[in-house]
Structure formats: C-alpha cells, structure tokens
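Undergrad: Take this sequence and fold it.
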Amino acid sequence: MKLSAWTYEGPPHVGAMRVATGMKGVHFVLHAPQGDTYADLLFTMIERRDHRPPVTWTTFQARDLGKDTAALFTSALADAHARFRPEALLVGASCTAELIQDDPGGLAATMGLPVPVIPLELPSYSRKENWGAAETFLALVRSLADRSRRPPPRDGRRPRVNLLGPTALGFRHRDDVVEISRLLETLGVDVHVVAPLGASVADIASLGEADLDICLYPEIADMACRFLERTFGRPTVRTVPIGHLATCDFLRDVAGHLGLDPAPALACADARLPWWSRSVDSTYLTGKRVFIFGDATHAIAIARVAHEELGFEVVGLGCYNREFARELRAAAGKLGVEPLITDDWLEVEARIAALQPELVLGTQMERMIAKRLRLPCAVVSAPVHVQDFPARYSPVMGFEGANVLFDTIVHPLVMGLEEHLLTMFREDFEFSDAAGPSHLGSAHALQASSPIHAEPVAAAPAEGLIVWTADAEAELRKIPFFVRGKARRNTEAYACARGITAITVETLYDAKSHFAR
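TA: Residues are numbered from 1 along each chain as shown. The predicted structure follows:
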C-alpha cells in the first residue's frame, strides 16, 4: 500500500543494484518476476547515466510458478556470465521472488562458474534500500579484499586513503568524491580507492594497502569500515565533511591520524559561506525556524549547518532510516527538539503542519509536502528527483559543498529587502495575498489544500478553543505571508496565557507590543 503512495526507500535489492551499477566488472543477477525490472528507469532517467545498469533478471511470470523456477534462475545466471563476462557476480532475490524460496546463492554455488559469485541475503520484508546497499558492499569487501595486503612503508611516500560509501543514485555522491579528493590533495594525501562508486574487483582486493579509511556515507559504508578495522587494524575517519565547520573538523581528523599538519589545507579553504552568512541580508535570516528531514547522515549534518553556521532555529529534526536512530536522537537532543524517526511521509507532513516552520529542508517527499503547505523548501537528501542530479558540478561536501549548501538553503527564503518591498506593495495585484509567493506556484491551486496559510473562518467559541473574530482575521491578512504564521502563533500564545478565548484586533496589537519588547 505504501508503494502506491510514497516511500523513502525501496526494498534492499534496490540498494544492491546501486552498488553493482556504480562498480566496474560486477554484474547482479536478480531472481525477480516480470514487473520488478525497473532499474533502467532509476539509473538512466533519474540519475541520467549514459549506460544501462549491470543487472539481469529472471523475469518469471505467473505461469512459471507451476514449473521449475530454480531452472530459470540458473539459466539466467549462465547466460549473464556468458554474455557480459564479469569479474564477479552478485546473486539475490527480489521481494516477490523471496517468497518462492529458490535460494539463488545455493543454486549459484553448484554451477562452478570461474568468477567469484557472491550471494546476497536481502530480507525484503524487514529491511530496506540503504541497508541492502550496506550489506552488499560488506559482502563484496568480505569476499574480494585480499587480507594479506598491507600498506608499504611511509618512507618518502605520501599517505593514501580509501573513500568509502558513494554509490550510483546517491545524492551528489559523484561530485562529493571529486571535492573530497581535491581537499585531500591540499593536505598532501592521495586517494587509493573510491568504493563502491567506480571501483573494480581489483580495487576492492587492494583495500588493505591504504593507510586510512574514510567513511563518507555511514548508511552505506559503516559495516564495511568496521570489517576493515578488524581485519587490517587501522582506524576509520567518520567525520562527515558537510558544512564549513565539519569540513575543518574532517581535515584535522585526517591529519591527526596520518601525522600531518592541517594548517596549509585550512588556510587555502575557498569557502564563502562563513562570510556570506554574516553579511547584512543574510543576518536577517537569523532565527528563521527550519524543519529538517532526510537520511540520518545528511539530516544531522545539515542541522549543524543551519544552527551553527546560518543562525537558524531548528524546530524539527528527523530521519527515515531506523538503523541510525541513536545518532539522530543524540543530535536532536543537542538542539532541544523532539526527534522524528519514521518512514511514513504522513507523519512527517503532520509534524511540519504542527510546527509551522518558515523553511523545510528535506527530500523529494518534503518538497511535495511543502508545496501542499505553501512553504519554501530545499532538497538536501535522497530520495531525490531528476532535477537534483544537476549537469553542473554541485557537491554538498567540502568547502565548495558549503558554498552550494548556502545557495541551496538560502535561495528559497524571502530576504530582508524583498520582505520590505512586499510589505510596501502588498496592495498591488502582483504582490497581494491573493497572488501568493511566486516561487511556490499558483496560490489559487494550493490555497484549498493548505492547512497552514489558509485563513480560518471565525467560529463559535468552544471549551478550550481560541477563535479569531472576523476583524482580527482581516487585520492578520495585512501581515506578509512569510511572517503571518509566526504572528498567529504569538498572538494565540499571548491570548492563551491570559485566558482570552476570542482574539480581536486589540488582542492582536497587544500581542505585537508584548513580543516587541
């Protein structure tokens, strides 16, 4: 039922496809019925990849269920090996095929293929996409990493690191890898292997030759990094370099582990966010109420940027991947907000409607929610739509990523001068409330569905209910739309504290005077 509406993550075999599609020389044979073969749409249409994903499906149909579906799988596996000649094969079952229990891993083991065949156990009814990607990457590292390899002595050579976690269909992963590689170059560090994105079987085999592992995306790489720590006895850097402050922390962390001086890299930081966030028009944004939701890595990092670097007030913070609930709760606790950990978009919409933020930072799902509620929104996390895979260079990590984040977060908001002009010309037909904010689409189409900005009709007072008189509603509509929600909340709080059940024009201005002190 959720698939017929919206879902934040697909089943775990979609995560496995993301890993396989990002790699070189790896092919994924998926036992799946006709109808589950939608990988081309994910990667060629949404991510705009210039080649098809390396996935073969058995595509059994209803009439095949009375026959030997296991034979269909072994035939598809043999055909895929003969046609594509991969260096390694992944085998698994989709959520539908899981029900018929054909055991793709066991079947593949009996075929004697001359390449590594890695079985994937992907419980579709208890786990989801990011977990599937993490489990697939871990299985590849366990099977292919050469445990005898170690880094050569550091005599005269530069240190080298592995960048772990980026995948196909990842939110800005391609550009993040470029940015972090450039950042490490300023520190005097070489990138040994990037995996799984762009990695070959030989690259995975050589993971042990690096001096340090960097876990860029914990949802994907955390389990593999823990395995590498145990196997090779070396540390992992887990500082995620999203935002100016976190990027500085990242450089210090990497330098500390490798015995380097981070000062030269910090000195050449090309980051405009710190100065721009203190500029005249940007300081006007201080205290703007923001709601943040996404995968745990991006949600936690963006919350820090919003709170510490832009001066916003974070009023809500949440994620959809329960595996990182502990980290999300810790971040929410530091900000003094209630954490929201759910994969139900209706719960997210209800929380946004209750909090009435002035900005929403989230996924493609929150973009749609914000449109319904007539709120400004920026996408800062997967899942995303095609427009969030821009043709231009647009990372979110590193110092350039901090610049991109500043633009992404600030541009949807009404700035100080705009607010002043909108107030001056609010009687003009183009700027009136009936026209609505131009960047949020047609007000006429959205007004009926907006629980936040639609003007309620005064009703008879009920026990414990505060109502607005018609005159007070009319006066409230004179306040610009981007601060009207705050004015309504403050006035109702003022009235509630004084036992006032019917808000009049006088109450509205009394509340304004009270909060202006």
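
Undergrad: where does the chain have low pLDDT?
TA: Applying pLDDT under 70 to the chain picks out residues 1-5, 34-37, 61-68, 97, 99, 280-282, 414-464, 480-483, 516-517.

Undergrad: If we use 80, what do you get?
TA: Applying pLDDT under 80 to the chain flags the ranges 1-6, 33-42, 59-69, 95-102, 268-285, 414-465, 478-486, 515-517.

Undergrad: Not counting sequence-adjacent ones, nearest residue to the residue most central in space within it?
TA: What sits nearest the mean C-alpha location of the chain, by Cα atoms, centre = their mean, is Ser381, with 2.2 Å. Using Cβ to Cβ, 6 or more residues apart in numbering and skipping the chain neighbours, the partner closest in space to Ser381 is Gly294 (2.6 Å). C-beta here means a position set from N, CA and C on the backbone, and glycine is covered the same way.

Undergrad: Quick check: the one you found vs Glu179, distance?
TA: Separation of Gly294 from Glu179 (Cβ to Cβ, to the nearest Å): 19 Å.

Undergrad: For Arg154, give me its contacts.
TA: Asp211 (Cβ atoms under 8 Å, 6 or more residues apart in numbering).

Undergrad: Could you verify my assumption that Gly22 touches Thr167?
TA: Yes. Taking contacts as Cβ atoms under 8 Å, Gly22 lies within contact range of Thr167: 4.8 Å.

Undergrad: residues shared between the contacts of the two?
TA: The contact sets of Gly22 and Thr167 overlap at 196-197 (Cβ under 8 Å, 6+ apart).

Undergrad: contacting residues around stretch 501-517?
TA: With contacts defined as Cβ under 8 Å, 6+ apart, stretch 501-517 is touched by 461, 465-469, 471-472, 475-476, 487, 490-495, 500.

Undergrad: Show the buried residues in those.
TA: Neighbour-count burial within the contacts of stretch 501-517 applies to 466-469, 472, 475-476, 487, 490-492, 494-495, 500; the criterion is 16 or more other Cβ atoms under 10 Å.

Undergrad: Reformat those residues as a markdown table; add distance to Glu338 and secondary structure.
TA: Listed next are the buried ones among the contacts of stretch 501-517 as a markdown table, based on distance: Cβ to Cβ, whole Å; DSSP: H, G, I helix; E, B strand; the rest coil:
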| residue | distance to Glu338 | secondary structure |
| --- | --- | --- |
| Ile466 | 23 | coil |
| Val467 | 28 | strand |
| Trp468 | 28 | strand |
| Thr469 | 33 | coil |
| Ala472 | 31 | helix |
| Glu475 | 33 | helix |
| Leu476 | 28 | helix |
| Ala487 | 24 | helix |
| Asn490 | 21 | helix |
| Thr491 | 24 | helix |
| Glu492 | 20 | helix |
| Tyr494 | 24 | helix |
| Ala495 | 25 | helix |
| Ile500 | 28 | coil |
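
Undergrad: Show me where the stretch 151-300 of the chain has its strands.
TA: Using DSSP state E, counting those that start in this stretch, the strands of the stretch 151-300 of the chain run over 160-164, 190-195, 212-215, 236-237, 289-294.

Undergrad: picking up where we left off before, report how many residues lie close to the residue nearest to Ser381.
TA: Look at Gly294: counted by other Cβ atoms under 10 Å, it has 29 neighbours.

Undergrad: Contacts only, for it.
TA: Neighbouring residues of Gly294 by Cβ under 8 Å, 6+ apart: 302, 319-320, 361-363, 366, 380-382.

Undergrad: Return the member of those nearest to Val396.
TA: Val380 (7.2 Å; Cβ to Cβ).

Undergrad: how many neighbours does that closest one have?
TA: Neighbours of Val380 using other Cβ under 10 Å come to 29.
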